[in-house]
Structure formats: C-alpha cells, structure tokens
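Participant: pasting the structure only:
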C-alpha cells in the first residue's frame, strides 16, 4: 500500500488526525508509528483513534492560492464525489499519509484516506468508514469550499442532503446526518469521527470563517449510505 501496511479494514488504525489551518487550504496531520506503519489505538478496547502529537518532523508543504484568473488543472479520475444541492463535483483519488500527514496534493480534487474504506459500487460492499478529505480556501472556488456558507455562516449541508460517490461499478448515495465543527485540538480525540463503521461517509476539511481570518476549526460532515444503493443506482434521501 505504497508505504503503509494496510490493517484489517474494520480497524481504525491511524492514531490521530489534527487539522492545521493555513493560508489557502488545509493540512490534515496524522500521527504515525515509527517505521511508517499506522499506529493502533491505545487505552480502549474499541478500534478507534487515540490522540497523539502533531507530526514530529514539521509540517508538509502547504498549497497556496494561484494568482487571480489562473485556472488550475483538475486531476482525472473515474471516481467522483458529487453533492447535487451544492453543484459540487470533484474527482476522488487515493491518498496515503506520508511523513505523518494527510495533505491533499491539489486544490481541485478530494482524496479518500487510506488505509480506511475505499469507494465502492454498492452500499453492501463497504467494510469501513469512507473518509474524503479536501482543501478549502474560503474563496468558494476550490475543493470543499461549497460546504461552507459565505462569510463563515456555517455549513451548507444539513440532515437529509444527499452526497453521491460514483465508481465504474456503480454509485452509492449517502444521506447527511449532521455537520459538526471541531476545534483544531479536538478532532484527534473525537472518537465518534474515527469509528470503523461500514457504509458511513465522513467529509473532512478546515472550516473557513470568512474575511481572511485564520481557520481555527474543522468541518466534519457525517453521512450514511442507503441499503438500497446499488450499481448504477443512487438512493433517494
């Protein structure tokens, strides 16, 4: 798995995730055990994530906003996440944490976090939570920007909204249950975020407050798949 040994998919193996607000996006930092393997949770019989410190070797390179008027390239992928109500449609690519950090390499795509759940063509094929991470910039132009109301007014997603993840094998519809904001230092300890739950979708980005103010929170959207989702079919909310 490109530098990580993949544990059983029903195990939430990454030790922690803490979001670091930066200009022009988000960096999601993950504590990894020595040797590059995901660390198992400690202090609990449940396979959930435990808090650790930020990466010891410094933050990864940080994306910056392009000059005004610049059009960034969009990666190609046969997996997409769409939110019809928001007009959002992003390609989705795999992302394996390296150097202790989840750091999406572009502003124009979402990334599923390995070694958790993979996108599937039918809801019943899921064997772990599917985590999709993307940058947000507060400009409304990139990544998960559409998830936030202008000016830091909160999340644009609420209970009952539909998120679709499509693959060549089919499309699974997920119904939003809730959107939560976590202070930067709280996400790693939020065990409800890191539970291994087949059929669950979690979107993660920095919450942008508007007005150029630094991001101090993470926005996390929780959604559940419908048992009726199947190849070529999107479940109704």
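Facilitator: Structure's in. What do you need? Small disclaimer: the values here were computed from a predicted structure and weren't measured.
Participant: now this structure, which segments are flagged as low pLDDT?
Facilitator: Along the chain, segments meeting pLDDT under 70 span 1-63, 99-102, 227-237.
Participant: All the strands of it, residue numbers only.
Facilitator: For the chain, applying DSSP state E gives strands covering 16-22, 25-31, 80-83, 88-95, 101-102, 110-113, 130-133, 162-167, 170-183, 200-207, 217-225.
Participant: which residues does residue 94 contact?
Facilitator: Contacts here follow Cβ atoms under 8 Å, 6 or more residues apart in numbering; on that basis residue 94 touches 111, 112, 114, 118. Placement of C-beta: from N, CA and C, glycine included.
Participant: and residue 214, how many neighbours?
Facilitator: Number of residues near residue 214 (other Cβ atoms under 10 Å) recorded here: 11.
Participant: same thing with residue 75?
Facilitator: Look at residue 75: counted by other Cβ under 10 Å, it has 13 neighbours.
Participant: in terms of contact, does residue 107 touch residue 139 like I think?
Facilitator: No: the criterion here is Cβ atoms under 8 Å, and residue 107 misses it with residue 139 at 9.6 Å.
Participant: ok, the two, which is more surrounded?
Facilitator: Neighbours were counted for residue 107 and for residue 139 using other Cβ under 10 Å; residue 107 has more, 22 against 13.
Participant: Nearest residue to the more buried one in space, ignoring adjacent ones along the chain?
Facilitator: Closest residue in space to residue 107, ignoring its immediate chain neighbours: residue 142 at 4.1 Å, by Cβ to Cβ, 6 or more residues apart in numbering.
Participant: I'm done for today, thanks for sticking with me.
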